[in-house]
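Q: Pasting the sequence and the predicted coordinates here, then a few questions.
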Amino acid sequence: MPSMRPEAGVPALLNPTENPVNDEVTISQEQVGNAVVVRVSGELDVASAPELRIKLHELCSEKVGVLVVDLRDVTFLDSSALGVLVGALRRCRESDTQFKLLIDSPRIQKIFDITGLTSVFEITESLG
């Protein structure tokens, strides 16, 4: 049994400043030309999708003009992540923000092919 920290009654193995659920995904953003690029790396799943949802909804609300979600470093993508992307696309359309996905992995591209989402999203392999 893990030792307890007397000040909080929390197992010593847990650090309240760390988020063990989302430690396998990173989300960052940068301005590239006239687009805001949100770079995602790691496993995009039910645990990490809410973090991406918050970021994308925030940017769509800001009417950034062009929003690109860079999925080139994503190693796994599940249905909850697809739902976040569809929701962000809808929100961006409402705010006249162009929404693009950047995908160069055949494995990730196949998920969009199988689900029929290639006809819904604008997908490109590079920023250029």
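A: Looks like it came in fine. Residues are numbered from 1 along each chain as shown.

Q: Need the residue closest to the centroid of this structure.
A: Centroid-nearest residue in the chain, with Cα atoms, centre = their mean: L52, separated by 3.8 Å.

Q: That one: what secondary structure?
A: The assignment at L52 comes out as helix when based on DSSP: H, G, I helix; E, B strand; the rest coil.

Q: Now it. Nearest residue, chain neighbours left out?
A: Ranked by Cβ to Cβ, 6 or more residues apart in numbering and with sequence neighbours excluded, the top spatial neighbour of L52 is V84, at 5.4 Å. Any C-beta I mention is one placed from the backbone N, CA and C, and that applies to glycine too.

Q: And for V66?
A: Excluding the flanking residues, the one nearest V66 by Cβ to Cβ, 6+ apart is A35, at 3.9 Å.

Q: tell me which helix or strand of the protein sits lowest on mean pLDDT?
A: Least confident element among the helices and strands of the chain, by mean pLDDT, DSSP states H and E: strand 10-11 (a mean of 38).

Q: Name the next helix or strand downstream of the lengthiest strand in the chain, please.
A: Counting by DSSP state E, the longest strand found in the chain is strand 66-77. Using DSSP states H and E, the helix or strand that directly follows strand 66-77 along the chain is helix 79-94.

Q: Can I get that following helix in PDB? Just the C-alpha atoms.
A: What follows is helix 79-94, C-alpha atoms only, in PDB (Å, rounded to 0.1, in the frame of the first residue of the first chain):
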ATOM      1  CA  SER A  79     -13.800   8.000 -32.100                       C
ATOM      2  CA  SER A  80     -13.900  10.600 -29.300                       C
ATOM      3  CA  ALA A  81     -11.000  12.500 -31.000                       C
ATOM      4  CA  LEU A  82     -12.900  12.300 -34.300                       C
ATOM      5  CA  GLY A  83     -16.000  13.700 -32.500                       C
ATOM      6  CA  VAL A  84     -13.900  16.600 -31.300                       C
ATOM      7  CA  LEU A  85     -12.600  17.300 -34.800                       C
ATOM      8  CA  VAL A  86     -16.100  17.200 -36.200                       C
ATOM      9  CA  GLY A  87     -17.400  19.500 -33.500                       C
ATOM     10  CA  ALA A  88     -14.600  22.000 -34.100                       C
ATOM     11  CA  LEU A  89     -15.200  21.900 -37.800                       C
ATOM     12  CA  ARG A  90     -18.900  22.800 -37.200                       C
ATOM     13  CA  ARG A  91     -18.000  25.600 -34.800                       C
ATOM     14  CA  CYS A  92     -15.400  27.000 -37.200                       C
ATOM     15  CA  ARG A  93     -17.900  27.000 -40.000                       C
ATOM     16  CA  GLU A  94     -20.300  29.000 -37.800                       C
END
